[in-house]
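J.: Here is a sequence together with a model predicted from it:
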Amino acid sequence: MNGRIRGMIAGVGAALLSGCALQGTDPLASGPAPEPQAGCRLALERAATNVDWMRAASEALKAQHYHISDSDAELGVLNARRVRSLPGLGATELVSGLDGFPGMYHAEGRLSDPWQVFRGDPRRIDRVTLFNDGGELRLTRGTTVMSDRNFPIDARPTAQSGFCVALLDAVANRLDFKEGAR
């Protein structure tokens, strides 16, 4: 009888594991990324160097309370981010550790809050990337909402035309362009 049960368990385990091997996904096979929206592009004049537009873009982003995190003038890439607290939204249903009884400890080794009263608020991280694509300045924007324990709650691209046009117009005004965003 033991041999039969072992054989059945081995057969079920092999079937489950072989199914996992057949369902492999390739993250790069999803195809190219979608094109940016029409308002998220700005034609650069030939006189504008990467340093010029990067300086103008960093001033425009800093005016909107973004922090410049990375830049590379050789590649023509500028990254900025802004972190905002979302007060009052700390009451999310995230369970971790041994919650529920006074005096119990979380898996992380800290004292549990049985009623989840003393939880921090999540924060929203906005990331903006500007890059020079052959004489055309392009903009991408994404937003991530992180819990107080650094778990992602939501992440999505958020490059709406209104934001793109306003930012690229501010860059164009700083460069004294007459064309503006298209």
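T.: Great, that's in hand. Numbers count the residues shown, from 1 in each chain.
J.: Would you map the strands across this structure?
T.: 41-43, 67-72, 77-85, 123-132, 136-146, 152-157 (DSSP state E).
J.: so which of the ones you listed comes closest to residue 166?
T.: strand 136-146 (10.7 Å; C-beta to C-beta). Every residue, glycine included, has its C-beta placed from N, CA and C.
J.: low-confidence ranges in the protein?
T.: Applying pLDDT under 70 to the chain flags the ranges 1-3, 7-8, 10-39, 46, 89-119, 177-182.
J.: Give the burial count for residue 83, as a bare number.
T.: For residue 83, the tally of surrounding residues (other C-beta atoms under 10 Å) stands at 13.
J.: Which neighbouring residues are in contact with it, exactly?
T.: 123-126 (C-beta atoms under 8 Å, 6 or more residues apart in numbering).
J.: just to revisit the earlier point, now distance to residue 52 too, for the strands of the chain, in a markdown table please.
T.: A markdown table is the format used below for the strands of the chain (distance: least, C-beta to C-beta, whole Å):
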| stretch | distance to residue 52 |
| --- | --- |
| strand 41-43 | 13 |
| strand 67-72 | 13 |
| strand 77-85 | 12 |
| strand 123-132 | 11 |
| strand 136-146 | 11 |
| strand 152-157 | 27 |
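J.: out of those, nearest to residue 169?
T.: Going by C-beta to C-beta, the one of the strands of the chain nearest residue 169 is strand 41-43, 8.5 Å.
J.: List the buried residues for the closest one?
T.: Across strand 41-43, burial judged by 16 or more other C-beta atoms under 10 Å covers 41-42.
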